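K.L.:
Here you go, sequence then predicted model.
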Amino acid sequence: MKTALTIGFFDGVHLGHQALLKRLRSFPHATILTFSNHPQSIIRPPAPELLIPYETRVELLREFADQVIVLPFTDEFAATRYEELLDQFDLSHIILGEGSVFGKNREGNEENVRKYGAQNGITVEYFPKIVFEGEPISSSRIRKALADGKTTLAEQLLGRQL
């Protein structure tokens, strides 16, 4: 069965994530591949403080997909070639966020993933960042807003109350 796939940690499941996930949801058999621990905990420790608990994140992600696959992000996973990861799925679409990279040595970049898609008959989309008040929405921007006591801004970027 053909699957539309996205890959990411989706910390906070903020408005930028939600826009990408709504696009993913527009395709049959939407699948989200996410991780039980923040990738930075392995790649560049320490990982940032999480915006929402693991259980809440997975619950929110389930609203956008037929399947949510949660894997531990390990050294072994980090060493997996992007093609090897993608080959595990029968893909119709790959939907990723602008600037997204994955796989060994971050080789799953836009150029390589688009090439992979073209070679395998898979539609590849890179979803643009969503801008709010002139700046892209990101988990790090939300963390900064919270650190600065700007709870209202953080809630606006998350699209829900804390």
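P.N.:
Happy to help now that I have it.

K.L.:
what's the burial count for residue 140?
P.N.:
Residue 140: 11 surrounding residues under other Cβ atoms under 10 Å. Every residue, glycine included, has its C-beta placed from N, CA and C.

K.L.:
was I right about it contacting residue 47?
P.N.:
No: if you go by Cβ atoms under 8 Å, residue 140 and residue 47 don't touch, sitting 12.0 Å apart.

K.L.:
Stretch 87-101 spans what distance, first to last residue?
P.N.:
16 Å (Cα to Cα, to the nearest Å).

K.L.:
How about stretch 128-135?
P.N.:
So stretch 128-135: terminal residues 13 Å apart, Cα to Cα.

K.L.:
residue ranges of the helices in this structure, please?
P.N.:
Ranges of helices within the chain are 15-25, 40-43, 54-62, 75-78, 82-86, 110-120, 139-147, 151-158, based on DSSP state H.

K.L.:
Contacts only, for the closest residue to residue 96 other than its chain neighbours.
P.N.:
Using Cβ to Cβ, 6 or more residues apart in numbering and skipping residues adjacent in sequence, the residue nearest residue 96 is residue 126, 5.6 Å away. Neighbouring residues of residue 126 by Cβ atoms under 8 Å, 6 or more residues apart in numbering: 96, 97, 98, 100, 110.

K.L.:
measure the fourth one to residue 128 for me?
P.N.:
From residue 100 across to residue 128, the span is 12 Å (Cβ to Cβ, to the nearest Å).

K.L.:
Name the residue in those two with the higher neighbour count.
P.N.:
Between residue 100 and residue 128, residue 100 has the larger neighbour count (other Cβ under 10 Å), namely 19 against 13.

K.L.:
For that one, grab phi and psi.
P.N.:
Per-residue torsions, residue 100: phi -70, psi 140 (degrees, to the nearest 10).

K.L.:
distance of the residue nearest to residue 96 from residue 41?
P.N.:
When distance is defined by Cβ to Cβ, residue 126 is 25 Å away from residue 41.
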